[in-house]
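Student: Kindly return the folded structure for what I paste below:
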Amino acid sequence: MNKRQLIDDIRRFNTTVEPSFLAQFDEESLKQYLQHLQSAQEKRIRIAGWVRRQPKLRLVS
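Tutor: Numbering: from 1, shown residues only. Okay, here's the model as predicted:
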């Protein structure tokens, strides 16, 4: 994966980062950051599955 592809993939996860900022870093640093973002996304998905649903409230008269 070249530097441009890494930057594009990073921006899928972090839409606020400017490409010009990411261009300052070498490919290895960008790969490491992308792996961090992917790992964080996986953890968020797994944790969301653990959230216990609240029982529906019923109106009692």
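Student: C-alpha only now, for contacts and for neighbours.
Tutor: Will do.
Student: Please export the C-alpha coordinates of the helix or strand harbouring Ser20 as CSV.
Tutor: Using DSSP states H and E, Ser20 falls within helix 19-22. Output of helix 19-22 as CSV, limited to C-alpha atoms (Å, rounded to 0.1, in the frame of the first residue of the first chain):
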residue,chain,number,x,y,z
PRO,A,19,-4.3,15.1,3.9
SER,A,20,-1.5,17.7,4.0
PHE,A,21,-1.0,16.9,7.7
LEU,A,22,-0.8,13.2,7.1
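Student: For the helix or strand following that helix, the averaged confidence score.
Tutor: Next helix or strand after helix 19-22 toward the C-terminus (DSSP H and E): helix 27-50. Average pLDDT, helix 27-50: 78.
Student: just to revisit the earlier point, what lies in contact with the helix holding Ser20?
Tutor: By Cα atoms under 8 Å, 6 or more residues apart in numbering, the list of residues contacting helix 19-22 from outside reads Ile7, Arg11, Leu30.
Student: Neighbour-wise, give me the winner out of the residues you listed.
Tutor: Within the contacts of helix 19-22, neighbour counts (other Cα atoms under 10 Å) peak at Ile7, which reaches 24 neighbours.
Student: residues contacting it?
Tutor: Applying Cα under 8 Å, 6+ apart to Ile7 gives the contacts Pro19, Leu22, Ala23, Leu30.
Student: Of the residues you listed, just the buried ones, PyMOL syntax please.
Tutor: To isolate the buried members of the contacts of Ile7 in PyMOL, using 16 or more other Cα atoms under 10 Å:
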select buried, resi 22+30
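Student: would you turn the contacts of Ile7 into CSV with distance to Asn2?
Tutor: As requested, these are exported to CSV (distance: Cα to Cα, whole Å):
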residue, distance to Asn2
Pro19, 14
Leu22, 13
Ala23, 12
Leu30, 10
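Student: for the contacts of Ile7, which one is nearest Ala40?
Tutor: Leu30 (15.3 Å; Cα to Cα).
Student: The closest one - nearest residue in space that isn't next to it in sequence?
Tutor: Take Leu30 and drop its neighbours on the chain: the residue closest to it by Cα to Cα, 6 or more residues apart in numbering is Leu6, 6.4 Å away.
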